[in-house]
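[1] Let's see this in three dimensions:
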Amino acid sequence: MMRKILTVAAAAFLAVGLSACSEGGGGRNVELTPPQMVSVPAGTSLDAMHDAILRGARDRSWNVSRDEPGRVTLRIDSRSHMAVVAVPYSPSGFTVEYVDSQNLNYVQNNGKRYIHPTYYRWVRNLEQSIQRNTPIHSGAPRAYR
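    Residues are numbered from 1 along each chain as shown. The predicted structure is shown next:
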């Protein structure tokens, strides 16, 4: 009798665990939501915004993959993990948009996208670094080096 109860309990536990993993492609994945615009102080020029993105990326070990007017594409590599984001920008702010990744468990399931939480930590740190590098936050404007 006890064996039967344990078998049923183990099967139920396994079913719940498998359904949780299949929802987001992995037990730790979170939904990848559309990016929000990050506002910057009024009076930030387009050139200052561009420089803040480059400095902020450098400060957080992101590399520039592509640089075009109004949009910078960045890549970060950490051990066997990689993420690529696009950062469209204007004098009023910027967004960080998902482009690609490796080994971050990115999946699409039932019309939703999921990714490992590390991606959001990297993006949050990048956003904060960019904001810190805007001229009003960091003092007088300075040229990117």
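
[2] CA atoms for contacts and neighbours, from now on please.
    Will do.

[3] Ramachandran angles for the residue positioned nearest the centre of the chain?
    For the chain, the residue nearest the mean C-alpha position is residue 123 (3.6 Å; C-alpha atoms, centre = their mean). Backbone torsions of residue 123, given as degrees, to the nearest 10, read phi -70, psi -40.

[4] hang on, it packs against residue 96?
    Yes - the criterion here is C-alpha atoms under 8 Å, and residue 123 meets it with residue 96 at 7.1 Å.

[5] what does the model give the residue nearest to the centre of the chain for pLDDT?
    With respect to pLDDT, residue 123 has a value of 97.

[6] Repeat that for the one 3 residues further on.
    Among the per-residue scores, residue 126 shows a pLDDT of 98.

[7] secondary structure element for it?
    Assigned by DSSP states H and E, residue 126 belongs to helix 117-132.

[8] can you pull the buried residues of that helix?
    With burial defined by 16 or more other C-alpha atoms under 10 Å, the residues of helix 117-132 counted as buried are 119, 123, 126, 127, 129, 130, 131, 132.

[9] I'd like to know which elements it is packed against.
    If contacts are counted by 3 or more C-alpha pairs under 8 Å, 6 or more residues apart in numbering; DSSP states H and E, helix 117-132 sits against helix 46-59.

[10] hang on, the earlier thing: go through the buried residues of helix 117-132 and name the one nearest residue 54.
    Nearest to residue 54 among those: residue 130, at 7.9 Å, using C-alpha to C-alpha.

[11] so the closest one touches residue 48, yeah?
    No - counting by C-alpha under 8 Å, residue 48 is not a contact partner of residue 130; they are 10.7 Å apart.

[12] State the number of residues packed around residue 99.
    Residue 99 has 12 neighbours, counted by other C-alpha atoms under 10 Å.
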